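S.K.: Fold the following.
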Amino acid sequence: MHEALFQPLTMGALHAKNRIFMAPLTRGRAADPMFVPNELMATYYRQRAGAGMIISEATGISREGLGWPSAPGIWSEEQTEAWKATTKAVHEEGGLIVMQLWHMGRLVHPYFLDGEPPSSASATQAPGEAHTPIGKQPYALAREMTHADIKRTIADYARAAENAKKAGFDGVQLHGANGYLVDQFLRDKTNLRTDEYGGSPERRTRFMREVLEALIDVWGADRVGIRLSPNGETQGCDDSDPPATFGAAARVCEELGLAFVELREPGPNGTFGQTDVPKQSPLIRQIYTGALILNSDYTAAEAEADITSGKCDAVSFGRPYISNPDLDKRIAVGAHWNPNKDVPKSWYFPIPQGYIDYPTLEEEQAAAAE
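M.R.: Here you go, the predicted model:
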């Protein structure tokens with residue numbers, strides 16, 4: 001059953017034991033002190049090391065770029081040392097884990113910046129409200145990044161990549177999706193610049209390209225990937241011509257020889273924004289010849305079909321991995337998938353409940369036999 005899902009996959013220097021990947025999932029457990037990973041997180045990732053590749057939760061590259069309560073960072077020595085427990089745990093279980101590098105751009109609330117405005121491609125303001133430790137607050141008007149800001153931010157990405165290597169990760173993924181900073185540069189509704197970082201789709205990919213080049217300088221292209229969300233509006237970030245924009249982004253990925261590209265293309269019940277727009281994965285598949293990973297709202301049968309047909313090389317599962325730490329084993333034997341209990345309440349609270357207390361199939365069967 002699902003034979004294609006259990007074939008190994010080589011992506012540059014990364015060797016996945018199966019094609020059932022764990023998508024990045026923000027879980028908000030890096031509390032006390034804030035932004036520093038802990039043993040609770042190491043346990044969580046150890047439990048899920050059966051995935052062909054784990055893509056870590058989004059991890060802040062700098063204080064300036066992180067605006068999510070209790071999300072982890074990778075800019076300090078303390079954070080870097082603390083992440084070692086997680087990579088060690090995953091490797092002890094025979095797993096593969098890459099770190100997703102995150103800058104939230106205009107979605108960082110001034111609460112996290114000592115009252116200063118967030119930075120973005122242009123002076124725009126996201127709709128809606130931000131999650132903060134003092135409750136939901138309206139997003140603020142961002143300031144347009146200067147050339148000095150861009151240079152400094154790229155250096156922050158490079159330092160984060162170096163720290164991820166020190167922490168024992170197997171590679172890195174640039175978060176270029178879901179309306180965060182890289183996406184804000186890519187899309188013409190949030191990038192209003194008239195310099196070399198704005199205008200045509202090719203110019204709007206320049207920031208993404210320069211960040212990727214910095215990551216490649218640290219890791220080599222064969223251990224670097226990116227996540228893109230070539231769908232419609234996402235957290236107020238939108239584009240007038242997605243095929244042109246994401247076609248240009250795919251050409252950058254191809255030219256740089258990235259190890260993998262992951263695309264988030266949600267179904268009708270997806271989060272972050274519109275889902276009723278044409279999918280760009282066929283176009284990107286024509287342009288980018290490396291390993292293509294698709295994500296969002298897949299069943300095992302759908303994943304098997306898309307891999308078998310050549311539409312993609314692997315599928316990353318997000319929410320199913322919250323309540324099914326042994327998802328790969330459940331798929332292998334055709335077992336049921338547990339629903340996400342207390343969702344979304346338990347997604348983001350820095351507690352063990354709803355995080356590391358979901359039973360494996362083996363534990364369920366043992367309990368039923370008692």
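
S.K.: Identify each of the helices in the protein and give its residue range.
M.R.: For the chain, the helices defined by DSSP state H occupy 39-47, 77-92, 147-166, 181-186, 201-204, 206-219, 242-256, 281-287, 300-308, 320-323, 327-333, 361-369.

S.K.: what's the average pLDDT for the fourth one?
M.R.: Spelled out, it's helix 181-186. Helix 181-186 shows a mean pLDDT of 98.

S.K.: Same check on the fifth one?
M.R.: Mean per-residue pLDDT for helix 201-204: 98.

S.K.: cool, the last one as well?
M.R.: Mean per-residue pLDDT for helix 361-369: 92.

S.K.: tell me which strands and helices it is in contact with?
M.R.: Other helices and strands packing on helix 361-369, by 3 or more Cβ pairs under 8 Å, 6 or more residues apart in numbering; DSSP states H and E, are helix 327-333. From N, CA and C alone the C-beta is placed, and that goes for glycine too.

S.K.: before we move on, back to that, right, so the helices of the chain: which one is the most enclosed?
M.R.: Scoring the helices of the chain by mean neighbour count under mean count of other Cβ atoms under 10 Å gives helix 181-186 as the most buried, with a mean of 28.

S.K.: Residues contacting that one, please?
M.R.: Contact with helix 181-186 is made by 65, 103-106, 119-122, 124, 153, 174-177, 190-191, 197, 204-208, 211, 228-229, 234, 237, 239, 245-246, 249, as judged by Cβ atoms under 8 Å, 6 or more residues apart in numbering.

S.K.: filter those residues to the buried ones?
M.R.: Among the contacts of helix 181-186, those classed as buried by 16 or more other Cβ atoms under 10 Å are 65, 103-106, 119-122, 124, 153, 174-177, 190-191, 197, 204-208, 211, 228-229, 234, 237, 239, 245-246, 249.

S.K.: Tell me which of these fall in strands.
M.R.: Counting by DSSP state E, these place Ser119, Ser120, Leu174, His175, Leu228 in strands.

S.K.: Save these as JSON lines, and put in pLDDT and distance to Glu93 too.
M.R.: JSON lines is the format used below for these (pLDDT from 0 to 100; distance: Cβ to Cβ, whole Å):
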{"residue": "Ser119", "pLDDT": "98", "distance to Glu93": "39"}
{"residue": "Ser120", "pLDDT": "98", "distance to Glu93": "39"}
{"residue": "Leu174", "pLDDT": "99", "distance to Glu93": "26"}
{"residue": "His175", "pLDDT": "98", "distance to Glu93": "25"}
{"residue": "Leu228", "pLDDT": "98", "distance to Glu93": "29"}
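
S.K.: got the buried residues for stretch 8-23?
M.R.: Neighbour-count burial for stretch 8-23 [16+ other Cβ under 10 Å]: Leu9, Met11, Gly12, Leu14, Ala16, Lys17, Asn18, Arg19, Ile20, Phe21, Met22, Ala23.

S.K.: List phi and psi for the last one.
M.R.: If I follow you right, that is Ala23. Main-chain torsions, Ala23, degrees, to the nearest 10: phi -70, psi 160.

S.K.: Let me know whether it touches Leu294 as I believe.
M.R.: No: counting by Cβ atoms under 8 Å, Ala23 sits too far from Leu294 to count as a contact (10.2 Å).

S.K.: what touches both of the two?
M.R.: By the contact definition Cβ under 8 Å, 6+ apart, Ala23 and Leu294 are jointly contacted by Glu262, Ser316.

S.K.: one step back: show only the entries of the buried residues of stretch 8-23 found in strands.
M.R.: Leu9, Met11, Leu14, Ala16, Ile20, Phe21, Met22.
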